[in-house]
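Peer 1: coords below, sequence missing:
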């Protein structure tokens, strides 16, 4: 098997190599999946010596990579054969015919092994168009020392979060200590937050029939709870309305909040030796509202691998894709590189005992939900913008919650009917 990195390969070198039965090009950044890329290619070589894999190291900046892909796919270039896509691109790319459906190339058992919530992000018209490679998501972090001090259990519901926040802040008597912080600036993270609250109340972007229903009673109630946390109960700082993930993390790390809800990347800085909260925090699944303990409230992200429909080697690409994302390779990436697997069963493997943090993240993904990018396709950026704006209007009390979500519903109905 030939393994080259496109930046280093030359025409002379390529012509000097012997012929191969199949030649594939894989496009993925070098940082996102780290050493696992080269390792997986080398493992595939042992079983498929007649296959040539060229690793095209694309940019790890999503916007740059997306532009590169769109240019090639629009021109119907046959390469790359396999390429990595962000979770919120998968639906659009599938709708545009830029991802080959996998149901006819891979057996159903292979596809069904993956986290079903993540698969939903690449499922269009009943067909899966990409396999999730690794996951991330938002989680609920809490101060273990403060819960212990006040004899409180780890909150599971939002009602318990509110009560615990009030007990802690009143008990501490520190005006610089808040109950809850998160990322409520007008950013993508705000929409992810809203999905967590809405789904945690039995609502969500879609209703049970798959229709957009952002102004449902359950969503109005959940959004009102967000507003009340800030304006009525005052357990969040006013600055939450401008807070991005790292802003919220900083407040929590400074010891100025009892609870934090952001993405999993914050665990490393929070647990660093010089962190004021090191050894004083833990995390659990995103809370739900009373009566909705089975709610999928953990909003997830991640990256997928799919096949270029213009590839001249789709069957070989599918075989490589299945190998690259298989349980054995994902388990190794989890143990050696700390990448969160997308096959739920991996988290129960004995080898995961050495990475208890990642294993715990994985259990939270059992309650995962993805953004509505598969259904909205190329319109997803506008969908997100509408939701960010109207949620912001509600949080700033420029509109009532009902007015904001009714306005969002009207805009989404018009947008998605075009």
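Peer 2: Sure, I can see it. Owing to the predicted nature of the structure, the values given are computational and were not obtained by experimental measurement.
Peer 1: okay, CA-based contacts and neighbour counts for the rest of this
Peer 2: Noted.
Peer 1: does residue 56 lie in a helix or a strand, and which?
Peer 2: Assessed by DSSP states H and E, residue 56 sits inside strand 51-58.
Peer 1: what comes up buried for that strand?
Peer 2: Neighbour-count burial for strand 51-58, counted by 16 or more other Cα atoms under 10 Å, picks out 51-56, 58.
Peer 1: what angle do strand 51-58 and the next helix or strand after it make with each other?
Peer 2: Per DSSP H and E, the first helix or strand lying C-terminal to strand 51-58 is helix 62-74. Orientation check (axes from the mean of the first three to the mean of the last three Cα atoms, to 10 degrees): helix 62-74 against strand 51-58 gives 130 degrees.
Peer 1: quick one: average pLDDT of the helix or strand that comes right after helix 62-74?
Peer 2: Next helix or strand after helix 62-74 toward the C-terminus (DSSP H and E): strand 82-86. Averaged across strand 82-86, pLDDT comes to 97.
Peer 1: swap in stretch 392-408?
Peer 2: Mean predicted confidence for stretch 392-408 is 98.
Peer 1: buried ones in it?
Peer 2: 392-395, 399-408.
Peer 1: which residues outside it are in contact with it?
Peer 2: 184-186, 214-215, 220, 223-224, 226-227, 241, 386-387, 390-391 (Cα atoms under 8 Å, 6 or more residues apart in numbering).
Peer 1: between the residues you listed, which sits nearest residue 159?
Peer 2: Proximity of these to residue 159 (Cα to Cα) peaks at residue 226, which lies at 11.5 Å.
Peer 1: report pLDDT for the closest one.
Peer 2: Confidence score, pLDDT, at residue 226: 98.
Peer 1: which non-adjacent residue is nearest it?
Peer 2: Closest residue to residue 226 apart from its sequence neighbours, by Cα to Cα, 6 or more residues apart in numbering: residue 395 at 7.4 Å.
Peer 1: what about the strands in the protein?
Peer 2: 3-5, 22-29, 51-58, 82-86, 123-124, 127-128, 130-143, 178-182, 257-263, 281-284, 298-307, 368-369 (DSSP state E).
Peer 1: wait, residue 152 sits on residue 164?
Peer 2: Yes. The pair residue 152 / residue 164 is scored as a contact, 7.0 Å apart, by Cα atoms under 8 Å.
Peer 1: which one of the two has more residues nearby?
Peer 2: Ranked by neighbour count (other Cα atoms under 10 Å), residue 152 and residue 164 place residue 164 first, with 23 against 15.
Peer 1: residue 387 - how many residues pack around it?
Peer 2: As a burial measure, residue 387 scores 26 neighbours (other Cα under 10 Å).
Peer 1: swap in residue 21?
Peer 2: For residue 21, the neighbour count with other Cα under 10 Å is 11.
Peer 1: distance of it from residue 40?
Peer 2: 20 Å (Cα to Cα, to the nearest Å).
Peer 1: next: residue 399.
Peer 2: Distance, residue 399 to residue 40, by Cα to Cα: 52 Å.
Peer 1: then residue 314?
Peer 2: Distance of residue 314 to residue 40, computed by Cα to Cα: 19 Å.
Peer 1: please apply the same query to residue 68.
Peer 2: 24 Å.
Peer 1: ditto for residue 76
Peer 2: For residue 76, the distance to residue 40 equals 27 Å [Cα to Cα].
Peer 1: and for residue 229?
Peer 2: 47 Å.
Peer 1: could you do residue 312 as well?
Peer 2: Taking Cα to Cα, one finds residue 312 at 22 Å from residue 40.
Peer 1: and the two? Which one has more around it.
Peer 2: residue 40 (20 against 16).
Peer 1: go ahead and confirm that one touches residue 324.
Peer 2: Yes. Residue 40 is within contact range of residue 324, at 5.9 Å (criterion: Cα under 8 Å).
Peer 1: how far does stretch 32-41 sit from its chain's centre?
Peer 2: Chain-centre distance of stretch 32-41: 20 Å, with Cα atoms, centre = their mean, to the nearest Å.
Peer 1: beta partners for residue 28?
Peer 2: Counting by DSSP bridges, residue 28 is bridged to residue 57.
Peer 1: neighbours of it, how many?
Peer 2: Neighbour number of residue 28 under other Cα under 10 Å is 23.
Peer 1: wait, it sits on residue 54?
Peer 2: No. The pair formed by residue 28 and residue 54 falls short of the contact definition of Cα under 8 Å, at 10.9 Å.
Peer 1: contacting residues for the nearest residue to residue 320 once chain neighbours are set aside?
Peer 2: Leaving out its chain neighbours, the residue that sits closest to residue 320 by Cα to Cα, 6+ apart is residue 44, at 7.4 Å. Residues counted as contacts of residue 44 (Cα under 8 Å, 6+ apart) are 320, 323-324.
Peer 1: over to residue 372?
Peer 2: Shown in contact with residue 372 (Cα under 8 Å, 6+ apart): 121, 205, 380.
Peer 1: change it to 10 Å
Peer 2: Contact analysis of residue 372 by Cα atoms under 10 Å, 6 or more residues apart in numbering lists 88, 91, 120-121, 195, 204-206, 212, 380, 383-384.
Peer 1: can you check the pLDDT for it?
Peer 2: 97.
Peer 1: state the distance from it to residue 28.
Peer 2: 24 Å.
Peer 1: what does residue 37 give?
Peer 2: From residue 37 to residue 28 the distance is 8 Å (Cα to Cα).
Peer 1: any common contacting residues for these two?
Peer 2: Joint contacts of residue 37 and residue 28 (Cα under 10 Å, 6+ apart) are residue 55.
Peer 1: and residue 322, how many residues sit next to it?
Peer 2: Neighbours of residue 322 (other Cα under 10 Å): 18.
Peer 1: residues touching it, list them.
Peer 2: 105-107, 110-111, 131, 305, 316.
Peer 1: in a markdown table: the residues you listed, plus neighbour count, distance to residue 277 and pLDDT.
Peer 2: Shown next, in a markdown table, are the contacts of residue 322 (neighbours: other Cα atoms under 10 Å; distance: Cα to Cα, whole Å; pLDDT from 0 to 100):
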| residue | neighbour count | distance to residue 277 | pLDDT |
| --- | --- | --- | --- |
| 105 | 15 | 49 | 96 |
| 106 | 15 | 46 | 97 |
| 107 | 11 | 47 | 95 |
| 110 | 14 | 42 | 96 |
| 111 | 19 | 41 | 97 |
| 131 | 29 | 37 | 98 |
| 305 | 26 | 37 | 98 |
| 316 | 18 | 49 | 96 |
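Peer 1: this completes my enquiry, with thanks.
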